[in-house]
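Student: next input, structure requested:
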Amino acid sequence: MTDSVPTASDVPAREWLTLPAVAELLDITISKVHQMIREGALIAVRRDGIRMVPAELVANRTVLKHLPGIVTVLRDSGYNDEEALRWLFTPDDTLPGTPAVALGGDLATEVKRRAQALGF
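Tutor: Model (predicted):
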């Protein structure tokens, strides 16, 4: 990822973490966080000029299990990282809250299916 990371002023995440905070939470180096972002294992966007990650994507000191696959599918469907986050955090009445919330539960497969359908 380059410095032209999109902004996330309208992504409705509840809490945001700086990249150093993510590194500390996951007990990894900041370089590893940057690598995870480049490889699509994590999404970071700019908020007020600082690259940040929605805290909901980092649960129990790990990245949500299915997030890397969803990021890949969304990017393959033409979504940039801001659009992907917007999709992940848009409330959906057929899911328990948002796709991001559902990824952490029993509906992860359904979220993947819906993300795959976006490309068609």
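Student: ok, now which ones touch the closest residue to residue 64 other than its chain neighbours?
Tutor: Spatial nearest neighbour of residue 64, excluding adjacent residues (C-beta to C-beta, 6 or more residues apart in numbering): residue 103 at 5.1 Å. In this view, the C-beta of every residue, glycine as well, is placed from N, C-alpha and C. By C-beta atoms under 8 Å, 6 or more residues apart in numbering, the contact list for residue 103 reads 64-67, 70, 88, 111.
Student: so which of those sit within helices?
Tutor: 67, 70, 88, 111 (DSSP state H).
Student: ok, residue 75 - contacts?
Tutor: Residue 75 touches 40, 84, counting by C-beta under 8 Å, 6+ apart.
Student: show me which positions of the helix or strand hosting it end up buried.
Tutor: Applying DSSP states H and E as the criterion places residue 75 in helix 67-76. Residues of helix 67-76 classed as buried: 67-71, 73-74 (neighbour count, 16 or more other C-beta atoms under 10 Å).
Student: could those go into TSV alongside pLDDT and distance to residue 58?
Tutor: TSV is the format used below for the buried residues of helix 67-76 (pLDDT from 0 to 100; distance: C-beta to C-beta, whole Å):
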residue	pLDDT	distance to residue 58
67	89	9
68	90	13
69	90	16
70	91	14
71	92	14
73	91	20
74	93	18
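Student: related to what we said a few turns ago, how far away is the residue nearest to residue 64 from residue 91?
Tutor: For residue 103, the distance to residue 91 equals 14 Å [C-beta to C-beta, to the nearest Å].
Student: any idea whether the residue nearest the centre of the chain is helix, strand or coil?
Tutor: Centroid check for the chain by C-alpha atoms, centre = their mean gives residue 43 as the closest residue, at 4.3 Å. Residue 43 carries the three-state label coil when classified by DSSP: H, G, I helix; E, B strand; the rest coil.
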